[in-house]
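Novice: Okay, here's the prediction I keep looking at, along with the sequence it came from:
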Amino acid sequence: MNIYLKGFKHAQDFTEDDLRVLCDPFGKITGCSIKKNDDGHSKGFGFVSFEEHKSARDLVSYVTAKGKPNESDDASLVKKIPDTEIKGVKLSSLFAGPF
């Protein structure tokens, strides 16, 4: 499942490797890309694909809840995912949805 992520526009030097680090705790990533402008800087959005649908659902759920568990979330998942900040970007501050 391909997930659309946006919200890192202010971090022009945010890379695909940075996005991988933020999303890696959810499961095996099979693809990751950030859209860039002509000068090679991030446009503030990108895509992550996971091997398993559950990983993608967990990521969307986590981001939608802004790092707080919903009643339907596995609270243990949220506890094991640090709200890592990379170049001023926190996973819980992004928007995520299926694409």
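Specialist: Sure, I can see it. Numbering: from 1, shown residues only.

Novice: Tell me which stretches of this protein form helices.
Specialist: Under the criterion DSSP state H, helices of the chain are mapped to 16-23, 53-64, 75-80.

Novice: for the most centrally placed residue in the chain, what are its contacts?
Specialist: By Cα atoms, centre = their mean, the mean C-alpha position of the chain lies nearest to C23, the distance being 4.8 Å. By Cβ atoms under 8 Å, 6 or more residues apart in numbering, C23 lies in contact with L5, I29, C32, V48, L59, L91. In this view, the C-beta of every residue, glycine as well, is placed from N, C-alpha and C.

Novice: Now tabulate the helices of the chain in TSV and tack on mean pLDDT and distance to H41.
Specialist: Output for the helices of the chain, formatted as TSV (pLDDT from 0 to 100; distance: least, Cβ to Cβ, whole Å):
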stretch	mean pLDDT	distance to H41
helix 16-23	89	13
helix 53-64	85	23
helix 75-80	50	32
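
Novice: before we move on, the earlier item: just the contacts of C23: which are in strands?
Specialist: Using DSSP state E, the subset of these located in strands is L5, I29, C32, V48.
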